[in-house]
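**Q** Return a 3D structure for these sequence lines:
(one chain, ligands or ions: 1)
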Amino acid sequence: MKAIVATDQAAGMAGVKLVERPEPQAAINDVVVQVCASGFTGDELSWPSTWTDRTGRDRTPSIPGHELAGVVTAIGYGTTGLSIGQRVFGLTDWYRDGTLAEYVAVEARNLAPLPGDVDFTVGAALVMPGLTAWQGLFDHGRLQAGQRILVHGAAGVVGSMASQLARDAGAYVIGTGRAAGRQTALDFGAQEFVDLDKDALEDVGEVDLVLDVIGGEIAKRSVGLVRAGGTFVTITGSMEARPAAGLAVDFVVEADRSQLSKIVRRLGDGRLRTNIGSEASLDDAVAAFNRTERSKGKTIIRPRP
Ligand SMILES: NC(=O)c1ccc[n+]([C@@H]2O[C@H](COP(=O)([O-])OP(=O)(O)OC[C@H]3O[C@@H](n4cnc5c(N)ncnc54)[C@H](OP(=O)(O)O)[C@@H]3O)[C@@H](O)[C@H]2O)c1
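**A** As a prediction, this is how the structure comes out:
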């Protein structure tokens, strides 16, 4: 099969290329999925899981990309709950070969059924931002109707999903970002927008929850806005400051079938939409990720046209 592989950590994107690889086999409780649409997160080449297995052994050449929508083509020993020919979407294990390939082996429990009327590109684009936003808001942020939430990077992939889910849950959403993202953030559900280059973040006042996707100085300045008993949640992998009288959480998104089903149901109900920037074939994937200009929205790779 055709697959994108990462071979050399020091080379970064320069070491990422399209090659022929053997098709994966379904292990116990796995399925093999023919990948119709796949997503990739820009920082993946800096994650240890791209380069080593759980015991720290080199696992290159590794196939990046962990978001997918596709069709089940094989079922492993003992696997239940999914069938051959079923449309699915979900998140694959960080430490296994991923979804920038024609086929991927994945634990069945990490996938959910994808309704027949949802395009594969849309399905793949829901996975990472949908699960990250859901877990940030509801599992870690304990968001309730009527609360005030500050969503950083609200025009971005995760922020635009978080704004929609938070608004839908009855929260008051204050989005942030650069001036150019204002209208996008408002279109995705933010009720106010803070231009982080010009406006005073401190003028926002107290919030129940901050969802941070930016980190650094902006994260540090945001913790002071969290009310006593509120929560600061970040997905940036660093926690340089914590609220004086609130909770602080830094987390990595996890696969969750039931949450995926709730997310795709909201899409079907017209309560949620994706933030897709561009699509490319597997042949053009390396160029799509290597673009010099900043891309807006999720880049989706279509191994099958
Ligand atoms: N821990 C996890 O489980 C997890 C899961 C998903 C993603 N992530 C990480 O979360 C981060 C965000 O992901 P994403 O896909 O949402 O990225 P994205 O689409 O690029 O969104 C980031 C948004 O924040 C804005 N922004 C960034 N820096 C800013 C600054 N200094 N001032 C004002 N606005 C700024 C960006 O504006 P511009 O486009 O104008 O720069 C963009 O609108 C990435 O680092 C990603 O790797 C972590």
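
**Q** What parts of this protein come near the ligand?
**A** 41, 43, 128, 132, 153, 155-159, 177-178, 181, 196, 213-214, 218, 235-236, 252-253, 294, 296 (CB under 6 Å from any ligand atom). In this view, the C-beta of every residue, glycine as well, is placed from N, C-alpha and C.

**Q** Nearest to the ligand: which residue in the stretch 101-250 of the chain?
**A** G156 (1.9 Å; CB to the nearest ligand atom).

**Q** State whether that residue and L211 are indeed in contact, as I suppose.
**A** No - using CB atoms under 8 Å as the test, G156 is too far from L211 to be in contact (11.2 Å).

**Q** returning to what we had before: of the residues of the chain next to the ligand, which belong to helices?
**A** Judged by DSSP state H, helices contain the following of the residues of the chain next to the ligand: M128, T132, V157, V158, G159, I218.

**Q** quick one: which of those residues is most hemmed in?
**A** Most neighbours among those, by other CB atoms under 10 Å: G159, with 29 neighbours.

**Q** Can I have the buried ones of the residues of the chain next to the ligand as a PyMOL selection?
**A** Restricted to buried positions by 16 or more other CB atoms under 10 Å, the PyMOL selection for these reads:
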select buried, resi 41+128+132+153+155+156+157+158+159+177+181+196+213+214+218+235+236+253+296
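
**Q** Strands of the stretch 101-250 of the chain, start to end?
**A** Applying DSSP state E, counting those that start in this stretch to the stretch 101-250 of the chain gives strands spanning 103-107, 111-113, 148-151, 172-177, 192-195, 207-212, 226-234, 247-250.

**Q** can you tell me the average pLDDT over the last one?
**A** Here strand 247-250 scores 97 as its mean pLDDT.

**Q** same deal with the fourth one?
**A** With pLDDT averaged residue by residue, strand 172-177 scores 98.

**Q** cool, and the third one?
**A** For strand 148-151, mean pLDDT rounds to 98.

**Q** repeat for the first one
**A** Averaged across strand 103-107, the pLDDT comes to 98.

**Q** Contacts for that strand next, please.
**A** Applying CB atoms under 8 Å, 6 or more residues apart in numbering, the contact partners of strand 103-107 are 1, 23-27, 29-35, 63, 68, 70, 73, 76, 90, 92-93, 96-98, 255.

**Q** Buried only: go through the residues you listed for me.
**A** Of those, these count as buried by 16+ other CB under 10 Å: 1, 24, 26-27, 30-35, 63, 68, 70, 76, 90, 92-93, 96-98, 255.

**Q** Show me what the helix or strand bottoming out on mean pLDDT in the chain packs onto, helices and strands only.
**A** The helix or strand of the chain with the lowest confidence, counting by mean pLDDT, DSSP states H and E, is helix 285-289 at a mean of 87. The contact analysis (3 or more CB pairs under 8 Å, 6 or more residues apart in numbering; DSSP states H and E) places helix 285-289 against strand 16-20, strand 276-281, strand 298-302.
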